[in-house]
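Student: make a model of this:
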Amino acid sequence: MTALEIVFLVLAGLVVYTYAGYGACMILFAAVKDRLTRPHQTTDDKGFEPTVTLIVAAFNEEAWLATKIENSLSLDYPQEKFTIVFVTDGSTDGFSDIIGRYPRIAHLHQNERRGKTAAMNRAMKSVDSQIVVFSDANAMLNREAIRKIVAGFRDARVGCVCGEKRLRKDDQAGAADAGEGFYWRYESRIKAAEARLGSCIGAAGELFAVRGDLFTEIPEDTILDDFTISLGMALRGYRVAYAADAYATETASADMGQEWKRKIRIAAGHVQSVIRMPELLNPFRQGLLAFQYLSHKFLRSFVAPVCFVLLFPLNLLLVTHKWPLYVFMLSLQGLFYLTAGAGYCLQKRRVPVRGFFLPLYVVMMNAAAWIGVFRYLQGRQTVLWDKARRQVEATPQERIPM
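Tutor: Numbers count the residues shown, from 1 in each chain. Predicted coordinates:
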């Protein structure tokens, strides 16, 4: 076997491990652990009711504010132990009139726009509750979300609990909807398995919670606040748990252009996270946590994009050997990219053929990773909200999962 063949097979193996092997291993190992340890399941959530503050940071979310407030007020938790805080940062829409109609909502506003992280830090200065739950303005929580996510803190070793992100289903889904939906369903299974083995790697900003006395301010230029806060807890020795029964529902990105913008920002945020939390790369000190981070995030953000760029030209070189394996591999790659191209054409024409959209989403994700890395290294990625537009449902009632 030549050196070229070894390089090709290693790169192909890394791609398979990154997108399928690691997730399969986590799910399998978690199932084995559950079978061997038979963990005790607590069903009486009402026996544990610490004080809770729900913080919603918003920037120009007028279209969602009333619906989000109604959703927040409908959550099942004792009112005397539940505080709701909306913090707005530089908003120029009709936020004040909307929030003012709800006297139970505490509102913190700042005219200067400094970004979501600064808004969260500012809100935390006025919080004295035992548990703090963070959520986005366009993410609707199920009625039991607070009880379910708080239940995870029964374990004193838990410093953060991640809720589940779900996307609203659409029978006429486009590429962004179909790709993002599959991605988050798969991510949710991996995160749940990771948490059962140790800590899940990264919270979703739509819904996660921390112990109030453990929260420490993070730099205002932090791009991925949810990832930094949750992994910061893990690095301090606390578990990051997962509550699948506490979920936030939102719509998918409006189109592939909006999802492209979001993925670039996430990729830039992962570069920043690696630079600021290099301990995550040290398996000798962090053990399982480092292994999970390297497998789940590092390979996907930095290694797989390189593999995709190199695999096709290497395969072209190897196919001259006339070996059936490399002819077959080249055919698979060609089919993959042709399907992605067909998916791009179909989504431009708004033809909902889901099978073509997943390859397109993978290609888009890896291309965005390259852009995000260079954008961060060039200092062009701002922390200020440049949010991706989301699909908007027909009626407020349909937006609130109960």
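Student: what is the burial count for the closest residue to Val303 other than its chain neighbours?
Tutor: Spatial nearest neighbour of Val303, excluding adjacent residues (CB to CB, 6 or more residues apart in numbering): Leu14 at 5.9 Å. C-beta: built from backbone N, CA, C; applies to glycine. Residues near Leu14, counting by other CB atoms under 10 Å, number 17.
Student: same question for the one 3 residues further on.
Tutor: For Tyr17, the tally of surrounding residues (other CB under 10 Å) stands at 17.
Student: quick one: secondary structure of it?
Tutor: Under DSSP: H, G, I helix; E, B strand; the rest coil, Tyr17 falls in the helix class.
Student: Thr117 is in contact with Pro219, correct?
Tutor: Yes - Pro219 is in contact with Thr117 according to CB atoms under 8 Å; the separation is 7.3 Å.
Student: name the residue in the two with the higher neighbour count.
Tutor: Between Pro219 and Thr117, counting by other CB under 10 Å, Thr117 is the more crowded of the two (22 against 14).
Student: mind listing what the more buried one touches?
Tutor: Each residue near Thr117 by CB atoms under 8 Å, 6 or more residues apart in numbering is listed here: Ile218, Pro219, Glu220, Asp221, Thr222, Asp225, Val383.
Student: so which of the residues you listed sit within helices?
Tutor: Using DSSP state H, the subset of the contacts of Thr117 located in helices is Asp225.
Student: in stretch 123-130, which residues are buried?
Tutor: With burial defined by 16 or more other CB atoms under 10 Å, the residues of stretch 123-130 counted as buried are Ala123, Met124, Val127, Ser129, Gln130.
Student: save the residues you listed as CSV, and put in secondary structure too.
Tutor: Putting the buried residues of stretch 123-130 into CSV (three-state DSSP) gives the following:
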residue, secondary structure
Ala123, helix
Met124, helix
Val127, coil
Ser129, coil
Gln130, coil
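Student: ok, so of these, who is nearest Pro359?
Tutor: Relative to Pro359, the closest of those is Ala123; by CB to CB it sits at 41.0 Å.
Student: nearest residue to the closest one other than its sequence neighbours?
Tutor: Excluding the flanking residues, the one nearest Ala123 by CB to CB, 6+ apart is Val87, at 4.3 Å.
Student: ok, Phe134 next?
Tutor: What sits nearest to Phe134 in space, not counting adjacent residues and going by CB to CB, 6+ apart, is Ile55, at 5.3 Å.
Student: could you do Ser74 as well?
Tutor: What sits nearest to Ser74 in space, not counting adjacent residues and going by CB to CB, 6+ apart, is Arg143, at 6.2 Å.
Student: pretty sure that neighbour sits in a strand.
Tutor: No - going by three-state DSSP, the assignment for Arg143 is coil, not a strand.
Student: got phi/psi on it?
Tutor: phi -60, psi -30 (degrees, to the nearest 10).
Student: end-to-end on stretch 166-184?
Tutor: By CA to CA, to the nearest Å, the extent of stretch 166-184 from end to end equals 7 Å.
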